[in-house]
Every structure is written in C-alpha cells, then in structure tokens.
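Novice: Need a 3D model of the sequence below.
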Amino acid sequence: MIKGSGWGRGVVLDVTSFISAQEFIAAQNRHEEPEDPFARQCFVEVVQSLIFQPVVWVVHPTLLLPSHSDFGSEPSLLQELFRADAVRPLRLGEMEAGRLRAAEDLALDQLETNGVETLLRFIQQVVECDHAQRELGKGLPLADRLVAWTSFQARRVRHVPGHHSVRIHTPDGIEEDPFGDWSRHTARAVRGRLREVAGDEDAKYLIATLARALRYQARAAIRRIPYQPHPLRRDFALTFALADQGVESDNVFRLVQAVRGIYASMSEAAGETGTHRLQLLELELPLLGGRLWGQEDIGRMDDHAWVRLVAERISEYRRRAADLRQAIDRCVAEEDYLRIDRDLAEVKQQLLERLGLKGVDLAPLEKELVQSVASVAESAPGVPKVGGVWLGIRSLGRRLTFSGRDYQKFLYKEFLEAWKRSGN
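Specialist: Residues are numbered from 1 along each chain as shown. Here you go, the predicted model:
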C-alpha cells in the first residue's frame, strides 16, 4: 500500500481482491485448494484492511458514481460487505471529473511511453525470480500462478452471469476506452512474448488487468486515499507510482507489521518446541490472517450461504476491533506512532512472560510460593521441579489480565484466546 503525506482516511481496494478472497472462503467450505493462486493472500489483505482501516473503499472499473448493484451480484462477498456497510463504493462527482481526466491522461501517457517496456520488464522479472525460487526449491513459481489466475478468471469469473460482464459490458471483457485500446494493441504487439505467463487468448485480458491498476491509482489519488492493488497488479502499479512521484511508506502498514511482530516474537521465543502451536495460532487469529471459522462450521451449507456467514463474521470482527482501528486512525504525528509501537511492545512482553515463553524474575512472595509447591514435587532427590510453576502462580488473581488501554486489552485477549485454541 502506497501513499504520500497528507493523504485521506482508509484504503481503496479493487474488485479483483474480493474475487480472490471469496475463492479462498468458498474453497474452504468445499474442502478444496482454491483455484485462484492469490486467494489466501487476498483473504488476509481484505480482512486486515477491514480490521485496521477506518474506511474500505472499492473502485469500479468504469463508472465514477457506482451504486452497489453496478458491481454485479458476484463476488457475493463484496455485496454482503456492502450490505453490512463494511465497505463502500468509491464515488467521484462532477467537481472531481476535471482533475480525474487530467490524472487518467497522465496515466495513459505513461502507458504509451513506457507501458510496453514496463510490461516486458515485469514478465522478465517474473521469469528471473521464478528461476531463483526453483534453485532454492521454494514456493509456487509466479509464472505458474499467473497462468493459473488467468485460467481461473476465464472459468469462474469472466463469463459467469452477474459477474465481470456486469462491470465491463464488452465481448472480450476489456473496456472500450483508451485504456482498453492500449491493452488490445499491446497484446498484438507482444504476441508470443507472454506465453510463459498466459495463453494467447488470455494475454490481452491479463494486460488489461495490469493496465487497469493505473486507472484505479489515478482515481484513488484524486480522493487522496491510498490504493492497495491486487497482488497480481502490485509490482506493475508500483513501478509507475515510483516513476511518477516520490512515494512514502504508509505508517498504517508499519503498525500492521508491528501487530504481526507480536506473533514473530512469540515464535522466536517458543523455538522448535512451540513451532506447530504457533502456526496453529496464526491460523486461528484474524489479526494475522487466520480463519474466522472452525472445522465444525465447514461443509454444512452451500457456497452462497457460507460466504454470507463468513461476511457476517468479518463484519462482527471489524466491530470488535474498533478500539484498535480508532487508535491507529488518530495517529497524526510521528510521536503518535511511537506511542502505539510502545504499547504494542508492552502487549508482546506480557504475552511472552505470561504464556511461559520468556523467563521472568519472580517477586519474593512468588518465589516463596514456588518453593512451597516445589517441595512436594522433586525431579530428583533434593532438586525441586519448578519448571512452569510460575505460570500457575501468575494466574492467581489478576495475573493473566491486562490493565492497559482498550486496544491493548483487545490485542492481548485475542492472542491469549488464540493460544488457548491452538492447544486443543
């Protein structure tokens, strides 16, 4: 996510991110791996945007003043979140139309000047990174993911009633405007050069998807709201953003990383003995991209009812996280972010100590209690067995409670409850 200083509240997402997130949710209900290779990443990003951002806007590919129905009945996840007022359509009125035309003209100039070169460099980077990944034996190559994504879109999105064709009314699913014209022309010009990432029939659709990121970036910039592209578009959009103007890192992203840093510290302290439990904790906790459902929930209803249920749980979790979101939204100066960093560090420290992941010095009374308990349990003659006993002592009274700010209490409780669930 990228923005400059003085930018507005919230974040802009594209419909493609919600499509991918829904595929992850639906695949879980079917006990299947998602067909969309970006599905889990987008689920994490959509949920975390809703947790951490005061407003989540969604941009329409063609309309400036879209209503909810203009987005189509699919992805139904998006419609359910509209109904819950968890996300809102990004709308640009007449007062902004002139500035938008200028911003889109600039984006088109960039495409016509550097677009083909950037596209081919993007493809080359994909190939080079994949080669490095294969040598390390890690991960699914990005080229394979791009092929899988275009195939998924062709089967499950582009020609599905109530889906893509509602948003873009053309036979090939590409806009009838200068952006679409550039995509079609470029697909012909580089024909055969994209075969490692898309079949010939899908190449122009992939190119149009990448180019559309510049339109979305321009629209978000008019409202001075940061745009978070779908992972497929991210490198392509970032290249043009950096070329266009100086870009600052987003402090909200920094604080999201700080929250995730609680988990990282717990994992480091737990070592090998707690590795699997910490992995389960990550899957349990929505703050870390974890699921909002259990094994007992899945497979009991059809996909539409299931997506509706998960959307309700996402919306409810957003309400529960209100104190954390408001604290982040109130940050203005660097000192505000430093205070939250400090508060997050305090939560991390107490979790490490109270979950027994990090040793602490016991108070004199606690030492006396440990000795009295240890006196009846010896691992060897004369050697008290005291390991872990302090955790039981610290659970006396208020020991496992947190007395800080409301958002600290929320974070502490969420990590603590996820830790308990991970032990089941």
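Novice: Check the offset of the biggest helix by length in the chain from the chain's centre.
Specialist: Once the chain is assigned using DSSP state H, the helix that runs over the most residues is helix 200-222. Put simply, helix 200-222 sits 20 Å off its chain's centre (Cα atoms, centre = their mean, to the nearest Å).
Novice: Residue 57 belongs to a strand, doesn't it?
Specialist: Yes - using DSSP: H, G, I helix; E, B strand; the rest coil, the assignment for residue 57 is a strand.
Novice: For residue 233, what is the enclosing helix or strand?
Specialist: Using DSSP states H and E, residue 233 falls within helix 231-244.
Novice: what do you get for residue 336?
Specialist: helix 334-354.
Novice: What of residue 277?
Specialist: Judged by DSSP H and E, residue 277 forms part of helix 275-284.
Novice: can you list the weak-confidence ranges in this structure?
Specialist: Where the chain drops to pLDDT under 70, the residues are 1-8, 129-140, 200, 239, 241-253, 272-273, 358-403, 424.
Novice: Quickly note the distance from the most centrally placed residue in it to residue 354.
Specialist: A centroid search over the chain (Cα atoms, centre = their mean) returns residue 45, at 1.2 Å, as the residue closest to the centre. Distance from residue 45 to residue 354, counting by Cβ to Cβ, to the nearest Å: 31 Å. For glycine as for every other residue, the C-beta is placed from the backbone atoms N, C-alpha and C.
Novice: before we move on, what about residue 28?
Specialist: 32 Å.
Novice: cool, residue 180 as well?
Specialist: 57 Å.
Novice: ok, back up a step: could you list every residue that touches the residue nearest to the centre of the chain?
Specialist: When contacts are counted by Cβ atoms under 8 Å, 6 or more residues apart in numbering, residue 45 is found next to 13, 17, 21, 228, 231.
Novice: mind running it again at 10 Å?
Specialist: Contact analysis of residue 45 by Cβ atoms under 10 Å, 6 or more residues apart in numbering lists 1, 11, 13, 17, 20-21, 38, 228, 230-231, 289.
Novice: can those go into TSV with extra columns for secondary structure and neighbour count?
Specialist: Formatted as TSV, these follow (DSSP: H, G, I helix; E, B strand; the rest coil; neighbours: other Cβ atoms under 10 Å):
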residue	secondary structure	neighbour count
1	coil	18
11	strand	25
13	strand	29
17	helix	25
20	helix	28
21	helix	31
38	coil	24
228	coil	26
230	coil	26
231	helix	18
289	coil	17
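Novice: Turn those into CSV, columns for distance to residue 420.
Specialist: Conversion of the contacts of residue 45 to CSV gives the following (distance: Cβ to Cβ, whole Å):
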residue, distance to residue 420
1, 32
11, 32
13, 32
17, 32
20, 31
21, 27
38, 32
228, 32
230, 35
231, 32
289, 19
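Novice: for the residues you listed, which one is nearest residue 60?
Specialist: residue 13 (11.7 Å; Cβ to Cβ).
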